[in-house]
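> Model the following, please.
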Amino acid sequence: MKSTEVWEQYREYTEALSENCRKLGFAAVAICWVFKGSGVLPAVQLPASLLLALGLVSFYFLFDVAQYAVASALIGGWMRRQERSQWHVRGVLVEEVEKPAWIDAPVATLFWGKLVLIVLTYLAIAFHAIGRAVVV
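Numbering: from 1, shown residues only. As a prediction, this is how the structure comes out:
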């Protein structure tokens, strides 16, 4: 298998995982809304476990946006420097470049952070649901 095929497969998996986690994030907000109760100020009536879930899912969405923003900035900046240096040295743009591993480290950290946050969000929701089931 060519390395380009491996990277394409990796991209497809991580893209699908991010899309599914994003949907789970929106679903977590909806679940919290269902459990919120009634009243004039519903947010004040949210139990601590649901406030925790909303906080965690908020950080999930921040990590989600940051992952793509950081990746774009790092890869775009590095690639522009590569093109400038190649142009000044050879007078042409080289088609093959070897991307350094350090570029992916912050992006991978945000990616795995998102996964941890979405799991913690659903654990907080599950804790709330189990607590309600025990009380009923």
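
> Every contact and neighbour count from this point should use C-alpha atoms.
Will do.

> Check which helices and strands the strand or helix carrying residue 131 is in contact with.
Under the criterion of DSSP states H and E, residue 131 resides in helix 104-135. Contacts defined by 3 or more C-alpha pairs under 8 Å, 6 or more residues apart in numbering; DSSP states H and E place helix 104-135 against helix 3-35, helix 48-90.

> Please give me every residue in contact with residue 107.
Residue 107 makes contacts with 67, 68, 70, 71, as judged by C-alpha atoms under 8 Å, 6 or more residues apart in numbering.

> What pLDDT does the model give the last one?
Listed pLDDT for residue 71 reads 82.

> residue contacts, it?
103, 104, 107.

> got a list of what the residue nearest in space to the middle of the chain touches?
Closest residue to the average C-alpha location of the chain: residue 64 at 3.1 Å, with C-alpha atoms, centre = their mean. Residues in contact with residue 64 (C-alpha under 8 Å, 6+ apart) are 18, 110, 111, 114.
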